[in-house]
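**Q** turn this into a model:
(one chain, ligands or ions: 2)
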Amino acid sequence: NPQLTGNFQTFMGWADQYRRLKVRTNADTPRDTRQALEFGAEGIGLCRTEHMFFDDTRIPVVRQMIISRTIEQRKKALDKLLPMQRQDFKEIFEAMGEKPVTVRLLDPPLHEFLPHEEEDIRSLAKSMEVSYQQIKEVVNDLKEFNPMLGHRGCRLAVTYPEIYQMQVQAIIEAAVELKKEKAIEIIPEIMVPLIGEVKELQYIKDIILKTIEEIIEKSGVEIKYLIGTMIEVPRAAITADEIAKEAEFFSFGTNDLTQMTYGFSRDDAGVFIKEYLEKNILEKDPFQRIDRNGVGKLMEIAVELGKKIRPDIKLGICGEHGGEPNSVEFCHLLNLDYVSCSPFRVPIAKLAAAQAAIKASK
Ligand code: PEP
Ligand code: MG
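**A** Ligands and ions are numbered 1, 2, ... in the order given. All right, here's what the predicted structure looks like:
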């Protein structure tokens, strides 16, 4: 039974009295959201929107959009996705009540959206009324040797701005509808992934703001919102003062930050990390626990620089480390506002946050 009942609930209540850090969850579906709430989550720190695009009914449309060479064609495909995306956000926002929800705009490694099977390419060619060869050529152009360091996150939004336009429209319209229909006041936190240079954020923020203004004006409903960024590229951490001029919040994406700080592929490092641990080259797996001499230092730099420009900047973490007790202690000491972790780790993070506060007070 995932619900916190009886003694466990009492115990968690004690932890709540001592901790300063808020504990949010990483949740992408209404089901995850409800489960996380049962575990005591105080908001969503990361709603990844990638999976929403992989649904069987959506992926053919997503592929059409990626392959399309004209803005009109892309917009046509995105128009089909818009009502589904709006419904996704509406359900998640409603499930969370008025607790904060951070929605991260799309961040897929692009190859996951490309058709690879002959059959998929053929059916795409048919639906787009172009030749098999034409599709094949575009797919070849978009293929990458190293997708995790390639055309993903905000880079995809610079080349395909219509995607974020559609997502922001869906987020704000969902908030408008909930306010009108159920008097639920949502303050969406819109998060841009993989920023490494403030101009990327300026370019994208401009698009986000225009989109929001249009919807608010059209609907006549006032919606508050925040725009922020992940800090997951080392360059973002060391230029956090510049980035803070444009971002109302930072969320540390320590999965990518670890990958890029060590230069270890997060998908492939398991094998050699095991040997590194056995041979004492590494004390801990840096993907599991924040490495205070590496990623931790970058986080310290980012917090200091960010606060210099924007003293009230909201700070959180949404990488896997957000549910690991030693890392939670580090986040407490760094004065973050919240950690965000998978639903099942919420009670662990809450306990760790309380223990960190007690230890620090001693
Ligand atoms: C991260 O990089 O830490 C993060 C939370 O984003 P993702 O794991 O989706 O890349
Ligand atoms: Mg990431």
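**Q** using the three-state scheme, assign residue 186.
**A** Following DSSP: H, G, I helix; E, B strand; the rest coil, the label given to residue 186 is coil.
**Q** ok now do the nearest residue to it once chain neighbours are set aside, which residues does it touch?
**A** The spatially closest residue to residue 186, leaving aside those adjacent along the chain, is residue 175, at 4.2 Å (C-beta to C-beta, 6 or more residues apart in numbering). Yep, even glycine has a C-beta here, placed from its N, CA and C like the rest. Contacts were defined as C-beta atoms under 8 Å, 6 or more residues apart in numbering; by that measure residue 175 touches 89, 93, 186, 187, 188, 223, 225.
**Q** need those in a markdown table with neighbour count, can you?
**A** Converted to a markdown table, the contacts of residue 175 look like this (neighbours: other C-beta atoms under 10 Å):
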| residue | neighbour count |
| --- | --- |
| 89 | 25 |
| 93 | 27 |
| 186 | 27 |
| 187 | 13 |
| 188 | 23 |
| 223 | 20 |
| 225 | 18 |
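**Q** surely residue 302 meets residue 253?
**A** No: Residue 302 sits out of contact with residue 253 when judged by C-beta atoms under 8 Å, with a separation of 11.4 Å.
**Q** any common contacting residues for these two?
**A** The overlap between the contact sets of residue 302 and residue 253 (C-beta under 8 Å, 6+ apart) consists of residue 231.
**Q** re the thing from before, which strand or helix spans the residue nearest to residue 186?
**A** Under DSSP states H and E, the secondary-structure element containing residue 175 is helix 161-182.
**Q** now do the buried residues in that helix.
**A** Judged by neighbour count using 16 or more other C-beta atoms under 10 Å, the buried positions of helix 161-182 are 161-179.
**Q** neighbours around residue 90, how many?
**A** Other residues within reach of residue 90 by the criterion other C-beta atoms under 10 Å amount to 23.
**Q** do the same with residue 206
**A** Look at residue 206: counted by other C-beta under 10 Å, it has 12 neighbours.
**Q** and residue 118, by the same measure?
**A** Neighbour count of residue 118, defined by other C-beta under 10 Å: 10.
**Q** so residue 212 makes contact with residue 225?
**A** Yes: look at residue 212 against residue 225 with C-beta under 8 Å: they come within range, at 6.5 Å.
**Q** return every residue with contacts to both of those two.
**A** residue 172.
**Q** how far away is residue 47 from ligand 1?
**A** Taken as C-beta to the nearest ligand atom, to the nearest Å, the spacing of residue 47 relative to ligand 1 amounts to 11 Å.
**Q** so who does residue 116 touch?
**A** So residue 116 contacts residue 139 (C-beta under 8 Å, 6+ apart).
**Q** tell me the pLDDT at it?
**A** What the model reports for residue 116 is a pLDDT of 86.
**Q** next one: phi and psi at it?
**A** Listed backbone geometry of residue 116 is phi -110, psi -30, with angles given as degrees, to the nearest 10.
**Q** what separation do you get for it and residue 124?
**A** Here residue 116 is placed at a distance of 11 Å from residue 124 (C-beta to C-beta, to the nearest Å).
**Q** quick check: the closest residue to ligand 2 within the stretch 1-150 of the chain vs ligand 1, distance?
**A** Closest to ligand 2 within the stretch 1-150 of the chain is residue 107: 6.3 Å, counting by C-beta to the ion. Using C-beta to the nearest ligand atom, one gets 6 Å for the distance from residue 107 to ligand 1.
**Q** got a pLDDT number for that residue?
**A** Reading off the model, residue 107 has pLDDT 97.
**Q** quick one: name the residues of the stretch 51-200 of the chain near ligand 1.
**A** With C-beta under 6 Å from any ligand atom as the criterion, the stretch 51-200 of the chain meets ligand 1 at residues residue 107.
**Q** residues contacting residue 60?
**A** Taking C-beta under 8 Å, 6+ apart as the contact definition, residue 60 lies against 123, 124, 127.
**Q** tell me where the stretch 1-150 of the chain has helices.
**A** Applying DSSP state H, counting those that start in this stretch to the stretch 1-150 of the chain gives helices spanning 6-18, 30-38, 59-67, 71-96, 118-128, 132-142.
**Q** packed most tightly, which of those would that be?
**A** The densest packing among the helices of the stretch 1-150 of the chain, expressed as mean neighbour count by mean count of other C-beta atoms under 10 Å, is seen in helix 59-67 with a mean of 21.
**Q** send the alpha carbons of that helix over as CSV?
**A** The C-alpha atoms that make up helix 59-67 are tabulated as CSV, following Å, rounded to 0.1, in the frame of the first residue of the first chain:
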residue,chain,number,x,y,z
ILE,A,59,4.3,9.6,-32.7
PRO,A,60,3.3,9.5,-36.4
VAL,A,61,2.3,13.2,-36.2
VAL,A,62,5.4,14.0,-34.3
ARG,A,63,7.5,12.4,-37.0
GLN,A,64,5.7,14.4,-39.7
MET,A,65,6.4,17.6,-37.8
ILE,A,66,10.1,16.8,-37.4
ILE,A,67,10.5,15.8,-41.1
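**Q** just how off-centre is that helix within its chain?
**A** Computed by C-alpha atoms, centre = their mean, to the nearest Å, the separation of helix 59-67 from the middle of its chain amounts to 22 Å.
**Q** okay, angle between that helix and helix 118-128 too, please.
**A** Taking axes from the mean of the first three to the mean of the last three C-alpha atoms, to 10 degrees, helix 59-67 and helix 118-128 form an angle of 70 degrees between their directions.
**Q** now do helix 59-67 against helix 71-96, angle only.
**A** 130 degrees.
**Q** low-confidence bits of the protein, can you list those?
**A** 1-4 (pLDDT under 70).
**Q** sweet, I'm off.
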